[in-house]
Structure formats: C-alpha cells, structure tokens
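A.B. asks: Build me a model from this:
(chains A, B and C)
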Amino acid sequence: MPELPEVETVRRGLAPVMEGETFSSVQIRRKNLRIPFPKDFVSRLLGARILHVKRRSKYLLIETETDVLIWHLGMSGQVRIYKVGDTVAPVGKHDHVQFDLSSGAVVVFTDPRRFGLMDLALREDIAAHRLIKDIGPEPLGNAFSGPILAARLKNRQVSIKQAIMDAHTVAGVGNIYASESLYRAGLSPKRKAYTVQGRRAEKLATAIKNVLNAAIDAGGSTLKDHRTTDGGLGYFQFSFAVYGRAGEACPDCDCDIYSTFGISRLEQGGRSTYYCSRKQR
DNA sequence: CTTTGGGCCTGGACGC
DNA sequence: TGCGTCCAGGCCCAAA
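C.D. replies: So this is what the prediction gives:
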C-alpha cells in the first residue's frame, strides 16, 4: 500500500509526463471511488493545462491553471504510465480512470479496493479543502523537527505509534513506517505519546526523516500489489527492519540469543505493530 | 479538545 | 475443488 515514499515515487514518475500537457481525454468508468467523483469532474479537466504535479501527505495534487485534482491512491491504487508509442493494455476490471494527455501519453489509475479517491478544488481553495486543511507538517519539510514534533505530542494520551500514524500529528507516516521509525529511534510503540519530548522527540523526528528518505531513495517500497508508475512489477524493495518480521531476530541487537526476545507483533488501534522489546524502550 | 469505533472495498491466504 | 472466514490497509466521520 502506498505510503509517503511510494506516493512521492509516483509523483516523480508523473511530473515529467503530465507537466505542461493538457488533458485531451478524461474517462471515469464508475461514478465513485471512496467518494463520488464531482459531477463536473470531466468537463473541468478537459483541455486544462497541467502546471505542476505536487504532493501533500499521501495526496497527489495535480495543479491546472484553475483547479487542483486531489488524488489519493488509497490502499491498492496503482498508476500506470504509457509513453507515446507504448501499447495501452486492454481496460482491466479495476482500471477506473484514464487520462489521455496532449503529448499522446496515457495515465491509468487502477484500484481494486477503491480506497482511493479523486476530488477537485479551485486553486485558491486547496488549503482549506476538508481533506487537506488539518494535515500536520510534512516530515521532510523545514517545518518538521524534534521540538515541533514534541509540541504536537504534548498532552497526547494515545501510544506514540498511534500518534505518529495520525496525519494531524505529522503527514504521511503510515503503519509500516511508524513501526520502522520507532525501531530506528529505539522507542517502544507502547510508550505514551506525551512522554516523547526533548531528546526522544529529536531522535524520533530524525528517524522518521531518515527512514522516509531511505525508502524514497530505494524507489519506494513494495508490498504485495504496489507497483511502480511505469507499469513494471515492483522490482525495487526497501528492506524493512521489523515490519512483517515477527519471530525473526532483531537486526540491531543480540536479542536473538535470548529466547524471549526478537521481533514481536502486537495490535494497536486494530493495526499490527512490529518491534523489538529489547532495543525499544 | 481528544479518543474510539465503524465503514468503505477486494483479493489472497487459510481451514475444512 | 469450492466454499466460508479472516486479514490487510488509509483515513474520514460520527459519537462518546
């Protein structure tokens, strides 16, 4: 499932294909994904020139001269790009949206589980859009640091794992990278969020930045059905230290020699967390 | 204000 | 082989 690094990877794939082009055809093959498409979705995009392909949290923002296409890949969303001359595959069962661009390139959005969504906002209204307005700082931006994270965790009674997965605390950290960040920072996922202050918050902010950057550098990680924008199979693989590795030895310490240690799994807020109880306190 | 739980979806893994 | 069941996940929203 796409988390911030995957969405950023998709953005980087889309930007050179879309920027500067106009939409010569827009096809939606059902009336809704997670939410309904706006009634004027097609008419507003047709003929519009794309100025920028941006990202905010896990949302792709396709800016035209008047509008912003807000695009979330959800859980199972994949983007396929066909460059000029490529053979476009027959329409698949879950190919819900197709954009044809003035260059001749084609962009297809496939999303079996339909947790993805598309919406439109006027450019001047984007910051106030209901899906965007309450999102916390971008973890890779200048507005994110130890002290800023600490301030946002103050008074939070939930676990640190649940707090950093909350997009209002910090943007774009999903289930996988929450576990990975806490592991790198040496913090127990069960720790109350408000106890992560000072040096601990500094370590965690750094860990979040580092793990996201490493995953972006790896071209986005793959899990199950996520694919790269160029339609290829997920040939790159970011190696997770703990995620999905319950029962395995912790790569960073000697906990495997103690029968009771190693990577364990627990459930928090209905989601799996993976951690090493020896390394993470 | 914060926190919790429900709901949206399908496909793949698993047990019988 | 075919069926049912469970799980995966982001994240909004209503309710407490």
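A.B. asks: Enumerate the residues of chain A near DNA strand C.
C.D. replies: For chain A, the residues in contact with DNA strand C (CB under 7 Å from any atom of the strand) are A:1, A:3, A:34, A:57-59, A:72, A:74-76, A:113, A:115, A:130-131, A:134, A:165, A:167, A:172, A:174-176, A:271-272. All C-beta spots, glycine's among them, are computed from the backbone N, C-alpha and C.
A.B. asks: Run through the residues of the stretch 151-281 of chain A sitting next to DNA strand B.
C.D. replies: A:155-158, A:162-163, A:193, A:269.
A.B. asks: what about 10 Å?
C.D. replies: Within the stretch 151-281 of chain A, the positions near DNA strand B by CB under 10 Å from any atom of the strand are A:152-159, A:162-163, A:166, A:168-169, A:192-194, A:224-225, A:268-271.
A.B. asks: Of these, keep whichever come out buried.
C.D. replies: Buried members of those, scored by 16 or more other CB atoms under 10 Å, are A:152-153, A:156, A:158-159, A:162-163, A:166, A:169, A:193, A:268.
A.B. asks: Same list (the residues you listed) but as CSV, adding secondary structure and pLDDT.
C.D. replies: Listed next are these as CSV, based on DSSP: H, G, I helix; E, B strand; the rest coil; pLDDT from 0 to 100:
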residue, secondary structure, pLDDT
A:Arg152, helix, 93
A:Leu153, helix, 93
A:Arg156, coil, 91
A:Val158, coil, 91
A:Ser159, strand, 92
A:Gln162, helix, 92
A:Ala163, helix, 93
A:Asp166, coil, 91
A:Thr169, coil, 93
A:Ala193, helix, 94
A:Gln268, strand, 89
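A.B. asks: what's the most distant pair in those residues?
C.D. replies: Within these, two members stand farthest from each other by CB to CB: A:Arg152 and A:Gln268, at 18.6 Å.
A.B. asks: and the closest residue to DNA strand C within the stretch 101-250 of chain A, how many neighbours does it have?
C.D. replies: Nearest residue of the stretch 101-250 of chain A to DNA strand C: A:Gly174, at 2.6 Å (CB to the nearest atom of the strand). Residues contacting A:Gly174 under the criterion other CB atoms under 10 Å number 20.
A.B. asks: quick one: it and A:Leu4 touch, right?
C.D. replies: Yes. At 7.4 Å, A:Gly174 and A:Leu4 qualify as touching, with contact defined as CB atoms under 8 Å.
A.B. asks: Return the set of buried residues in stretch A:83-100.
C.D. replies: Counting neighbours by 16+ other CB under 10 Å, stretch A:83-100 gives A:94-100 as buried.
A.B. asks: Export the residues you listed to JSON lines and append columns for distance to DNA strand B, pLDDT and secondary structure.
C.D. replies: Listed next are these as JSON lines, based on distance: CB to the nearest atom of the strand, whole Å; pLDDT from 0 to 100; DSSP: H, G, I helix; E, B strand; the rest coil:
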{"residue": "A:His94", "distance to DNA strand B": "6", "pLDDT": "90", "secondary structure": "coil"}
{"residue": "A:Asp95", "distance to DNA strand B": "12", "pLDDT": "92", "secondary structure": "strand"}
{"residue": "A:His96", "distance to DNA strand B": "11", "pLDDT": "94", "secondary structure": "strand"}
{"residue": "A:Val97", "distance to DNA strand B": "15", "pLDDT": "95", "secondary structure": "strand"}
{"residue": "A:Gln98", "distance to DNA strand B": "18", "pLDDT": "95", "secondary structure": "strand"}
{"residue": "A:Phe99", "distance to DNA strand B": "22", "pLDDT": "96", "secondary structure": "strand"}
{"residue": "A:Asp100", "distance to DNA strand B": "25", "pLDDT": "97", "secondary structure": "strand"}
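A.B. asks: circling back: show me which of the residues of chain A next to DNA strand C are buried.
C.D. replies: So, by 16+ other CB under 10 Å, the buried ones in these are A:1, A:3, A:57-59, A:72, A:74-76, A:131, A:165, A:167, A:172, A:174-176.
A.B. asks: ok, now which ones touch the residue of the stretch 101-250 of chain A closest to DNA strand C?
C.D. replies: Neighbouring residues of A:Gly174 by CB atoms under 8 Å, 6 or more residues apart in numbering: A:1, A:3-4, A:58, A:165.
A.B. asks: confidence score at it?
C.D. replies: You'll see A:Gly174 listed with a pLDDT of 88.
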